[in-house]
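Novice: only the shape, not the letters, is given here:
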């Protein structure tokens with residue numbers, strides 16, 4: 001299925017890791033970093049820009065760690081930690097951390113803050129002032145802006161930068177090589193390129209975050225910025241499937257991965273998404289499943305009932321963002337995985 005995707009130019013290469021009942025049952029790299037025949041082949045060590053998997057593997061994970069320590073309260077008003085968020089609109093005082101995590105705060109999906117912000121400070125100042133486009137909790141709308149704010153909140157509560165606290169609290173305890181900003185030239189060379197940027201940075205984007213807002217923030221943001229290989233992502237997925245140790249309490253995993261009851265019709269859990277037909281998880285993942293996608297072509301889906309975790313990393317944005325074929329390949333791949341395991 002993945003080789004067909006490569007042939008159809010849905011993505012030049014892919015790296016996959018599948019865990020079943022506590023065992024790693026598949027780990028494979030396919031294709032190349034780019035479409036050129038002389039391009040480096042993808043291996044299980046290839047690093048991918050995880051894009052919005054950052055939301056769950058870094059930001060949400062840190063919220064869970066702080067929740068376990070009674071330092072992060074889901075019903076707390078955002079303005080108590082981020083007073084700048086008030087911005088003269090009385091509705092904003094109603095927005096809670098739960099609403100940001102469940103994408104029902106009323107904030108818009110996306111704003112091109114990078115077009116006017118020159119650095120991290122300016123972008124954060126603008127993010128804190130982005131106007132609401134709906135009443136809080138009236139509807140679910142996936143929002144990068146909300147997770148930029150969650151990243152700032154984690155930093156203020158933990159009194160440490162997001163990359164530093166994630167490294168200490170999430171990645172090192174699991175023994176996984178996930179990081180904001182690949183730290184060495186070797187790491188950058190091992191990274192799959194994400195696009196040829198012709199409108200903003202005017203260069204090939206490789207080993208630096210593809211998301212422009214995150215790039216202006218120095219590559220460390222609550223919504224994007226992490227890089228990693230498939231096995232590292234799968235190890236994080238296995239941690240959750242196995243009940244949370246060594247990172248989380250079991251009840252915390254249950255609370256954050258359970259679909260929210262409101263707004264009506266939402267598929268969102270806290271940070272995570274759940275299957276809602278037609279789902280990118282395919283036809284077979286159970287209603288208790290949870291997962292997340294990344295814009296660059298990455299995904300992680302867990303099914304607690306089947307005890308299955310599927311990590312799929314691609315650079316579907318190469319050489320530009322036009323291809324949407326992964327939306328057909330990904331659910332078919334998930335179906336093929338479940339059929340093979342069955």
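Specialist: Arrived safely, thanks for sending. Bear in mind the structure is a predicted one, so any value in this text is a computation, not a measurement. Numbering: from 1, shown residues only.
Novice: show me where the chain has helices.
Specialist: In the chain, the helices defined using DSSP state H lie at 2-7, 53-54, 61-68, 97-101, 120-127, 144-158, 162-166, 172-174, 185-189, 212-216, 230-241, 250-257, 326-341.
Novice: distance from the chain centre to the last one, please.
Specialist: Okay, so that is helix 326-341. 20 Å (Cα atoms, centre = their mean, to the nearest Å).
Novice: and residue 300, what does it touch?
Specialist: Neighbouring residues of residue 300 by Cβ atoms under 8 Å, 6 or more residues apart in numbering: 53, 56-57, 233-234, 236-237, 291-292, 309-312. Just so you know, the C-beta spots here come from the backbone N, C-alpha and C atoms, and that holds for glycine as well.
Novice: before we move on, back to that, can you flag the weakest of the helices of the chain by average pLDDT?
Specialist: Taking the average pLDDT of each of the helices of the chain, the minimum falls on helix 185-189, with a mean of 74.
Novice: give me the residue at the spatial middle of this protein.
Specialist: residue 53 (1.6 Å; Cα atoms, centre = their mean).
Novice: tell me the bridge partners for the residue nearest to that one when sequence neighbours are not counted.
Specialist: What sits nearest to residue 53 in space, not counting adjacent residues and going by Cβ to Cβ, 6 or more residues apart in numbering, is residue 294, at 4.6 Å. Per DSSP bridges, residues listed as beta-bridge partners of residue 294: residue 298.
Novice: name the residues that touch the helix or strand bottoming out on mean pLDDT in the chain?
Specialist: Least confident helix or strand of the chain, by mean pLDDT, DSSP states H and E, is helix 185-189 with a mean of 74. When contacts are taken as Cβ under 8 Å, 6+ apart, the neighbours of helix 185-189 outside the stretch itself are 47, 182, 206-208, 227.
Novice: which of the residues you listed scores worst on pLDDT?
Specialist: Per-residue confidence across the contacts of helix 185-189 is lowest for residue 182, with 80 (pLDDT).
Novice: picking that back up, and the contacts of helix 185-189, which of them are in strands?
Specialist: Helix and strand membership here follows DSSP state E; of the contacts of helix 185-189, those in strands are residue 227.
Novice: can you lay out the contacts of helix 185-189 as a markdown table showing neighbour count?
Specialist: Supplementary listing: those in a markdown table, determined by neighbours: other Cβ atoms under 10 Å:
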| residue | neighbour count |
| --- | --- |
| 47 | 25 |
| 182 | 22 |
| 206 | 22 |
| 207 | 23 |
| 208 | 20 |
| 227 | 27 |
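Novice: that older thread, surely the residue nearest to the centre of the chain touches residue 226?
Specialist: Yes: contact criterion Cβ atoms under 8 Å: residue 53 and residue 226 qualify, at 6.6 Å.
Novice: and the residue nearest to the centre of the chain, how far from residue 157?
Specialist: Using Cβ to Cβ, to the nearest Å, one obtains 22 Å as the distance from residue 53 to residue 157.
Novice: what's the answer for residue 2, then?
Specialist: Taking Cβ to Cβ as the criterion, residue 2 is separated from residue 157 by 40 Å.
Novice: over to residue 105?
Specialist: Distance of residue 105 to residue 157, given as Cβ to Cβ: 18 Å.
Novice: look at those two and report which has more neighbours.
Specialist: residue 105 (30 against 16; other Cβ atoms under 10 Å).
Novice: got the contact list for the residue nearest to the centre of the chain?
Specialist: Counting by Cβ under 8 Å, 6+ apart, the residues that residue 53 touches are 226, 233, 292-294, 298-300.
Novice: dump those to a markdown table, plus distance to residue 245.
Specialist: As requested, the contacts of residue 53 are arranged in a markdown table below (distance: Cβ to Cβ, whole Å):
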| residue | distance to residue 245 |
| --- | --- |
| 226 | 22 |
| 233 | 18 |
| 292 | 21 |
| 293 | 26 |
| 294 | 26 |
| 298 | 25 |
| 299 | 24 |
| 300 | 18 |
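Novice: quick one: which of the residues you listed has the most company?
Specialist: Each of those was scored by neighbours using other Cβ under 10 Å; the highest score is residue 226's, at 32 neighbours.
Novice: residues contacting residue 161?
Specialist: Residue 161 sits next to 155, 220 when contact means Cβ under 8 Å, 6+ apart.
Novice: next one: phi and psi at it?
Specialist: Here the main-chain torsion angles of residue 161 (degrees, to the nearest 10) amount to phi -60, psi 150.
Novice: how close does it sit to residue 217?
Specialist: 11 Å.
Novice: again, but for residue 87
Specialist: Using Cβ to Cβ, residue 87 is found at 20 Å from residue 217.
Novice: which of the two has more neighbours?
Specialist: Here residue 87 and residue 217 are set side by side on neighbour count (other Cβ under 10 Å), and the busier one is residue 217, at 30 against 13.
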